[in-house]
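Trainee: I'd like to go over a predicted model; first the sequence, then the structure.
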Amino acid sequence: MLEIMNVRKSFSTSQGSFEALDDVSFKVAEGEFVTVVGPSGCGKSTLLNIVAGLIQPDRGQVLLRGEPVRDVSRATGYTFQQSTLLPWRTVRDNVGLGLELRGVPLTERQPVVERLLEQVGLAQFADAFPHQLSGGMAKRAEIARVLAIDPQVLLMDEPFGALDAQTKVAMQNYLLHLLQNFKKTVLFITHDLDEALILSDRVITMRARPGRIRGEHVIPLPRPRDARQAHTDHRFPDMLRAIWDDIEPSGTPDQVRR
Amino acid sequence: MNNRNSSATSNQPRASVTAFDPRRGRLGQLVWGRIAVFVAVVTLWQLAVGLKWLDAYFVSSPGAIALRLWQLVISGRLFIHLGITFWEVVLGFLVGAVLGVSCGMAMAAGRIVPEILDPYIMALYGLPRAALAPLFVVWFGIGVASKVAVGASIVFFLCLFSTYSGMRLTDTMLLQAVKALGATKRQLLFKVRVPYAMPWIIAGLKSSVGMALIGTIVGEFVAASRGIGWYIAYAGGSYDTTGVMVGLVVLGVMSVVLNALLRRVEARLLKWKPEFAV
């Protein structure tokens, strides 16, 4: 489905150039949920930007269904940590934005938008502006906006990173539930290892400077999953420790210090 | 504020609104407060002149101003002058705003061209536009066109800078997100950057109204045969302070009315901002 092949990317800054990604390769199968975890500066976001076609790698390439990604791909939907809803548009018009940009006429996009608003539980807030929404509602609106363009692959860059703990768990459950209906391939980024375990089929660990892949872990938790139940699985602590060791072998994981 | 989540809670019963509407109470305060200020100033002014604290020759008096205003209304002369000035202001504002906002957008969309033009724009911007009025009279005659040109030349730069700087500040995350949704360069411009700059554009337009008025009056001072500015200059030339005051009062009212109109436009265009939510 998605093949990342020998991708390299370096950026030049005032302190000289640094290797954001150094020879990164992995594959994501159709319908698979893969999470990339690693300390800040390991090039996770750069990787996602390359897969989305927003930036070009220095070397290597990304294949989506065998086709190289050269420009912004119509087959991927991207969500970010911050709210990127357009504040001057109502929830309805935000959700319809992707289709509008593709020139889909109003009469055709309206039923799609209304159905999605229903599915993400925002039908009553269709005419609200983003500033009137709670953090969780804004997230659901963003997910609906991405689902509206019916992408094959969802790219999610720490989408729940800015939410409070309780809303975060609710959103994780919500995403698990949603993906059962939509069956998307997901490439997810987080620095929250719990989140990675709860959501993923496979976790890929990265190290920083240069950004390299360290290892990968298959998560054998059964589906359908529930965020709270996943925590109580007897395998959870061992899986967590294995991933921690990958990212920071000497002990204190990055996540705990934050 | 108190109206922040109004649309989110609109399906709940609005018992508090029927019991006591704080907004209506505030409106009453505003209206009565404003009337009180008007009455106080007029009374004090009239009293000061009546008791010879002030010389009516220099400051006129509310009574004399009202009388003159009434005479001008009856003779129809007020509407001739007011009509001319009003159109000059509106046209100066519109021409300057349309050109300024579009050039601001073009500049924000470009990369190298704005930097090439920068010193020339700053040089033109730095010129006191009042000093250009005689030149505009030579170019466009003593009619409406020269006043529109003076007003528009001031409004143009205000709108240019507000549009340009607003668009430059566009949140890069929004641009990236909308680009990832498949937006073209053109769509990014009109669906993200221009709406993003709208609060700045509106702020520029709001100060432009007053500027168009100044430009027009300066133009009328320099050369005209009609208009409120001409009337003020003419009255001043014959030491008729009442005439000057009448002109000033009319200009003041005009500026208040134009600003109120613009505030409506603002509330409509910026209704997505929490500050303007109804």
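Mentor: Good, I have the coordinates. Numbering: from 1, shown residues only, chains lettered A, B, ... in the order given.

Trainee: Return the residues in contact with the residue of chain A found nearest chain B.
Mentor: Residue of chain A nearest chain B, by C-beta to the nearest C-beta: A:T84 (3.5 Å). Quick note: C-beta positions are derived from backbone N, CA and C, even for glycine. Under the criterion of C-beta atoms under 8 Å, 6 or more residues apart in numbering or on different chains, the neighbours of A:T84 are A:142, B:173-174, B:176-178.

Trainee: For the chain, which segments count as helices?
Mentor: Since no chain was named, I'll use chain A. A:44-52, A:91-95, A:97-101, A:106-119, A:135-148, A:165-182, A:193-199, A:227-232, A:236-247, A:254-257 (DSSP state H).

Trainee: To clarify, I was referring to chain B.
Mentor: B:15-19, B:22-50, B:56-59, B:62-75, B:77-109, B:112-126, B:133-140, B:144-168, B:172-180, B:185-188, B:194-222, B:228-237, B:241-269.

Trainee: right, so of those, which gets closest to A:R109?
Mentor: Distance to A:R109, taken as C-beta to C-beta, is lowest for helix B:185-188 among the helices of chain B, at 15.1 Å.

Trainee: how about the residues of chain A near chain B?
Mentor: A:52, A:54, A:72, A:74, A:76-78, A:80, A:82, A:84, A:86-89, A:97-98, A:101-102, A:124-125, A:127-133, A:145-146, A:149 (C-beta under 8 Å from any C-beta of the partner chain).

Trainee: ok, now with 7 Å
Mentor: Residues of chain A lying near chain B by C-beta under 7 Å from any C-beta of the partner chain: A:52, A:54, A:72, A:74, A:78, A:80, A:82, A:84, A:86-88, A:97-98, A:101-102, A:125, A:127-129, A:131-132, A:149.

Trainee: Identify the residue nearest the residue of chain B found nearest chain A in space, chain neighbours excluded?
Mentor: Relative to chain A, the nearest point of chain B is B:A177 (3.5 Å; C-beta to the nearest C-beta). Leaving aside its sequence neighbours, B:A177 sits nearest to A:T84 (C-beta to C-beta, 6 or more residues apart in numbering or on different chains; 3.5 Å).

Trainee: related to what we said a few turns ago, any idea which of the helices of chain A scores lowest on pLDDT?
Mentor: With a mean of 47, helix A:254-257 has the lowest mean pLDDT of these.

Trainee: Taking the centroid of the chain, which residue is nearest it?
Mentor: As the question left the chain open, I've gone with chain A. Geometric centre of chain A, nearest residue: A:M156, 1.5 Å, by C-alpha atoms, centre = their mean.

Trainee: wrong one, chain B
Mentor: B:V209 (2.1 Å).

Trainee: coming back round to it: who does the residue nearest to the centre of chain A bridge with?
Mentor: For A:M156, the beta-bridge partners are A:T79, A:F188 (DSSP bridges).

Trainee: hang on, isn't it packed against A:K184?
Mentor: No: in this structure, A:M156 is not within contact of A:K184 by C-beta atoms under 7 Å, at 10.2 Å.

Trainee: Any idea how many residues pack against A:I247?
Mentor: A:I247: 21 surrounding residues under other C-beta atoms under 10 Å in any protein chain shown.

Trainee: The residue nearest to it when sequence neighbours are not counted: how many residues sit nearby?
Mentor: The shortest distance from A:I247 to any residue other than its chain neighbours is 5.4 Å, reached at A:T205 (C-beta to C-beta, 6+ apart). By other C-beta under 10 Å, 25 other residues sit near A:T205.

Trainee: likewise A:V113?
Mentor: 24.

Trainee: residues in contact with it?
Mentor: With contact taken as C-beta atoms under 7 Å, 6 or more residues apart in numbering or on different chains, A:V113 is in contact with A:92, A:95-96, A:148.

Trainee: quick one: which of those residues is nearest A:G215?
Mentor: Distances from A:G215 to these, taken by C-beta to C-beta, are shortest for A:A148, at 35.8 Å.

Trainee: Touching, the closest one and A:E114? I think so.
Mentor: No: counting by C-beta under 7 Å, A:A148 stays clear of A:E114, with 10.8 Å between them.

Trainee: what's the neighbour count on the spatially closest residue to A:S200 that is not a sequence neighbour?
Mentor: With C-beta to C-beta, 6+ apart as the criterion, A:S200 has its nearest non-adjacent residue at 4.1 Å, and that residue is A:T35. Residues lying near A:T35 (other C-beta under 10 Å) number 27.

Trainee: give me the beta-bridge partners of A:T35?
Mentor: The partner list for A:T35 in beta bridges (DSSP bridges) reads A:F188, A:V203.

Trainee: any idea how far it is from A:V28?
Mentor: According to C-beta to C-beta, to the nearest Å, A:T35 and A:V28 sit 10 Å apart.

Trainee: and if you look at A:G38?
Mentor: Distance of A:G38 to A:V28, computed by C-beta to C-beta: 17 Å.

Trainee: try B:P128
Mentor: Distance of B:P128 to A:V28, given as C-beta to C-beta: 64 Å.

Trainee: who has more neighbours, those two?
Mentor: Set side by side, B:P128 and A:V28 show more neighbours around A:V28, with 21 against 9, by other C-beta under 10 Å.

Trainee: Please name the bridge partners of the residue lying closest to that one once chain neighbours are set aside.
Mentor: What sits nearest to A:V28 in space, not counting adjacent residues and going by C-beta to C-beta, 6+ apart, is A:L2, at 4.1 Å. Taking DSSP bridges as the rule, A:L2 bridges to A:V28, A:L64.

Trainee: doesn't A:P57 make contact with A:K9?
Mentor: Yes: applying C-beta under 7 Å, one finds A:K9 in contact with A:P57, separated by 5.1 Å.

Trainee: Could you pull out the residues contacting both of those two?
Mentor: Common neighbours of A:K9 and A:P57, counting by C-beta under 7 Å, 6+ apart, are A:I50.

Trainee: give me the beta-bridge partners of A:F11?
Mentor: Following DSSP bridges, A:F11 is listed with bridge partners A:F18.

Trainee: Noted, bye for now.
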